[in-house]
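Trainee: Mind folding the following:
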Amino acid sequence: PEKRVTNLVEAFRAQMDNNAALLIAGSGSMEERVRRLAQHDPRIRVLGLVCDREQSVDLLRAADVFVLPSTAEGLSLSMLEAMATGCAVIATDAGDDSAALGDAGLHIPTRPLEPSLSQALRRVRDDDALRERLGRAARRRVVDRYAMRSRLDELLELYETLTPRVAAVA
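Mentor: From the prediction side, this is the model:
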């Protein structure tokens, strides 16, 4: 429920035309409800749990926009993965997602979700240049700030500041 996929389905239906498709990956307690909600709309596909890493990356690379309307996150790995593939991102300000996204995506408030979600969907629907700019910015941001090498360097620097210096006495 905290992922608010049903809200995303409703906003998608209201804002997007027949040239758009909504792919929903993942499983959980709301999966059957989401499937029922989407069953009569050929633009919406509920994929269920996607475990194959390569398939997951292929889906993100094919996407123009990644939407995370969640109310509860720490730092969304799926959002970082989408950013790494160059997707434009729409995300709520839950957890650390807003800070991680920075100016490389569209931020929407956790509460109330509407009308902000619908407005953000319309913006990315109507502005190809915005989608492309956000996708490039997201990729740059995640590589600069969240790549394994930079994270390890930051961790090592932190350890150095926390480790007392020991002087050798001869």
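Trainee: Please count neighbours and contacts with C-alpha atoms only from this point.
Mentor: Will do.
Trainee: any idea how far the spatially most central residue of the chain lies from Arg43?
Mentor: Centroid-nearest residue in the chain, with CA atoms, centre = their mean: Met79, separated by 2.8 Å. Taking CA to CA, to the nearest Å as the measure, Met79 falls 22 Å from Arg43.
Trainee: cool, Ser78 as well?
Mentor: Counting by CA to CA - Ser78 and Arg43 are separated by 22 Å.
Trainee: between these two, which one's more packed in?
Mentor: Counted by other CA atoms under 10 Å, Ser78 and Arg43 do not tie: Arg43 has more neighbours, with 17 against 13.
Trainee: ok, the more buried one touching Met16?
Mentor: No - taking contacts as CA atoms under 8 Å, Arg43 lies outside contact range of Met16: 9.5 Å.
Trainee: I figured Ala120 was touching Pro109, is that so?
Mentor: No - the pair Ala120 / Pro109 is not scored as a contact, 11.0 Å apart, by CA under 8 Å.
Trainee: what bits of the protein have low per-residue confidence?
Mentor: Counting by pLDDT under 70, the chain has low-confidence residues at 148-155, 164-170.
Trainee: I am finished for the moment; much appreciated.
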